[in-house]
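**Student:** Return a 3D structure for these sequence lines:
(4 chains)
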Protein chains: 2
Amino acid sequence: MKDVKARTVFVPPHRERGAADARIAEAGLRPTAQRRVVYGVLLDHAKEHPTADEIFMQAKAEKPEISMATVYNCLDALVKHHLVKQVHLDRAATRYCPNMDEHAHFLCEMCGEVTDFDGSAKPRTSGFRVPRGFQVTQTEMNMRGVCPACAEQEVAR
Amino acid sequence: MKDVKARTVFVPPHRERGAADARIAEAGLRPTAQRRVVYGVLLDHAKEHPTADEIFMQAKAEKPEISMATVYNCLDALVKHHLVKQVHLDRAATRYCPNMDEHAHFLCEMCGEVTDFDGSAKPRTSGFRVPRGFQVTQTEMNMRGVCPACAEQEVAR
DNA sequence: ACTGAAAATTAGAATTGTTCTAATTCAGTT
DNA sequence: AACTGAATTAGAACAATTCTAATTTTCAGT
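**Tutor:** Just a heads-up that it's a prediction; the model follows:
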């Protein structure tokens, strides 16, 4: 993988942020300015699966007083209230994902980009043998390989 | 999950360690005393999916001079030479697994134990939609829930 | 609007798991 | 026995995250 640090360039498309507010309240959370910003940033950048650090930088651009601790606090709250999912790939920094539909994550090993693959895995038909007595309440599927953009580059060389 | 720290009590069954030696050499690695111990510990405790720290403590019991850095070095070498796999669950410490057959990992959310589920996932039939152009070279499935032992306790209460 | 309690935010320190560094030891040749 | 590169080692450094204690904000009840 080339340089994962230089991966993400944020160009916010600025969707209607009102939705953020409403959903935060619906989820039973106090809709504070910081949570609005953090969740808003995440909604605007869902495709990028940003890390806490990337979210912090972007949030800071909108609200300069915000602190890293708050970004972590907000993210934790959003995760606990099922508005956001954590994505863990290797031991890299946790990424955050506001797509709550069941889906898999694909990591391109060349460019480091993470892509959502829609669908769902039923434990018993996933290809793995669940021994009797195990109650599976959650599944998580990660795939790795080469994304279309990088595959093309590969051919060109 | 109760107390993951107090999870694993090592009671080494001490299998034939000769196999470790042979496989290290086969894999193209110098069979040093430290690698033998580290891989041996891992083979003896495959079921526990130990962390580097747990491996270190056990290795130290067999070879008191060994250092943490060496445990990491050995584990890295074993991973690079396909004798051992890393297991990542949340952002918890990396666990190590000498079972190189394809399998899924199940984490019991009550006791923290990790169990192997045999099988394999073919990307296209796993339940997820792989968009055209993506080349998937590796899949990783993690499940969570309650293990049989904990489920039983649950009922008893 | 005003007040008090509980919740949220903040800066910075602390912690955890891991990687790096530079010095030493070791194994296998010449 | 001397040489060379690989492996080991202790300890420092590092990155991501969590904790702490002080301050500010929110919201419910007046």
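
**Student:** In a helix, A:Val37, correct?
**Tutor:** Yes. The assignment for A:Val37 is a helix, going by DSSP: H, G, I helix; E, B strand; the rest coil.

**Student:** Return the residues in contact with A:Val114.
**Tutor:** Counting by CB atoms under 8 Å, 6 or more residues apart in numbering or on different chains, A:Val114 touches A:Glu48, A:His49, A:Val87, A:Leu89, A:Arg95, A:His105, A:Phe106, A:Leu107, A:Cys108. Backbone N, C-alpha and C define where each C-beta goes, glycine included.

**Student:** Tell me the bridge partners for the last one.
**Tutor:** Beta-bridge partners of A:Cys108, counted by DSSP bridges, are A:Gly145.

**Student:** Does stretch A:77-90 reach chain B?
**Tutor:** Yes. Stretch A:77-90 lies within reach of chain B by CB under 8 Å from any CB of the partner chain, at A:Gln86, A:His88, A:Leu89, A:Asp90.

**Student:** can you give me the helices in chain A?
**Tutor:** Taking DSSP state H as the criterion, chain A contains helices spanning A:18-26, A:33-44, A:52-62, A:68-80, A:148-156.

**Student:** any chance of the ones you listed in JSON lines, with distance to A:Pro131, mean neighbour count and mean pLDDT too?
**Tutor:** Formatted as JSON lines, these follow (distance: least, CB to CB, whole Å; neighbours: other CB atoms under 10 Å in any protein chain shown; pLDDT from 0 to 100):
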{"stretch": "helix A:18-26", "distance to A:Pro131": "39", "mean neighbour count": "15", "mean pLDDT": "88"}
{"stretch": "helix A:33-44", "distance to A:Pro131": "37", "mean neighbour count": "22", "mean pLDDT": "97"}
{"stretch": "helix A:52-62", "distance to A:Pro131": "37", "mean neighbour count": "19", "mean pLDDT": "97"}
{"stretch": "helix A:68-80", "distance to A:Pro131": "30", "mean neighbour count": "17", "mean pLDDT": "98"}
{"stretch": "helix A:148-156", "distance to A:Pro131": "38", "mean neighbour count": "12", "mean pLDDT": "90"}
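
**Student:** how about a markdown table for the ones you listed, with distance to B:Lys60 added?
**Tutor:** Converted to a markdown table, the helices of chain A look like this (distance: least, CB to CB, whole Å):
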| stretch | distance to B:Lys60 |
| --- | --- |
| helix A:18-26 | 49 |
| helix A:33-44 | 43 |
| helix A:52-62 | 35 |
| helix A:68-80 | 35 |
| helix A:148-156 | 43 |
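
**Student:** A:Arg124 is nearest to which of the ones you listed?
**Tutor:** When these are compared by CB to CB, helix A:68-80 sits nearest A:Arg124, at 27.4 Å.

**Student:** which residues are in contact with that closest one?
**Tutor:** Helix A:68-80 is contacted from outside by A:24, A:27, A:29, A:34-35, A:38-39, A:42, A:52-53, A:55-56, A:59, A:84-86, A:96, using CB under 8 Å, 6+ apart.
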